[in-house]
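Trainee: Next comes the sequence, and after it the predicted model I'd like to discuss.
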Amino acid sequence: MGIPGFILSALLLCELGMVVFALVHAIRQRSDAFPAVDKLTKPVWLAILVASLGGLLLTRNPVNILSIAAIVATGVYLADVRPKVDEIQRGPRW
């Protein structure tokens with residue numbers, strides 16, 4: 001296994017953690033918050049994130065096309081959808 005195997009295992013663990021964090025966040029949000037910020041609906045995002053998690057668990061390889069697609073989809077949720085959904089539910093941070 002060696003160092004490359006350790007690095008790939010750590011990368012896969014980080015990817016899984018990121019997807020699980022995004023999935024738990026999406027589950028905890030109100031359904032009406034997603035359309036309110038002009039994003040896809042909550043069930044669609046849950047399906048995308050569950051498919052991402054399934055893809056990562058199915059391949060168990062952090063650097064193939066399915067894993068990269070899962071990370072991109074999760075990154076879009078975390079960088080674009082999550083801040084807007086949080087802001088509309090809490091209000092501005094001033």
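Mentor: Yes, it's here.
Trainee: Closest to the centroid, which residue in this structure?
Mentor: By Cα atoms, centre = their mean, the mean C-alpha position of the chain lies nearest to residue 74, the distance being 2.9 Å.
Trainee: Could you tell me how many residues sit around residue 47?
Mentor: Residue 47 has 12 neighbours, counted by other Cβ atoms under 10 Å. For every residue, glycine as well, the C-beta is placed using N, CA and C.
Trainee: Spit out the contact partners of residue 12.
Mentor: Applying Cβ atoms under 8 Å, 6 or more residues apart in numbering to residue 12 gives the contacts 56, 60, 61, 62, 67.
Trainee: which residues in this protein form helices?
Mentor: For the chain, applying DSSP state H gives helices covering 2-28, 33-36, 42-59, 65-76, 82-90.
Trainee: how far away is the nearest residue to residue 46 once chain neighbours are set aside from residue 80?
Mentor: Distance criterion Cβ to Cβ, 6 or more residues apart in numbering; nearest residue to residue 46, sequence neighbours excluded, is residue 26 at 5.6 Å. Using Cβ to Cβ, to the nearest Å, we find residue 26 at a distance of 13 Å from residue 80.
Trainee: who has more neighbours, the two?
Mentor: A count of neighbours by other Cβ under 10 Å puts residue 26 above the other of residue 26 and residue 80, at 20 against 12.
Trainee: show me the contacts for that one.
Mentor: Shown in contact with residue 26 (Cβ under 8 Å, 6+ apart): 42, 45, 46, 49, 77.
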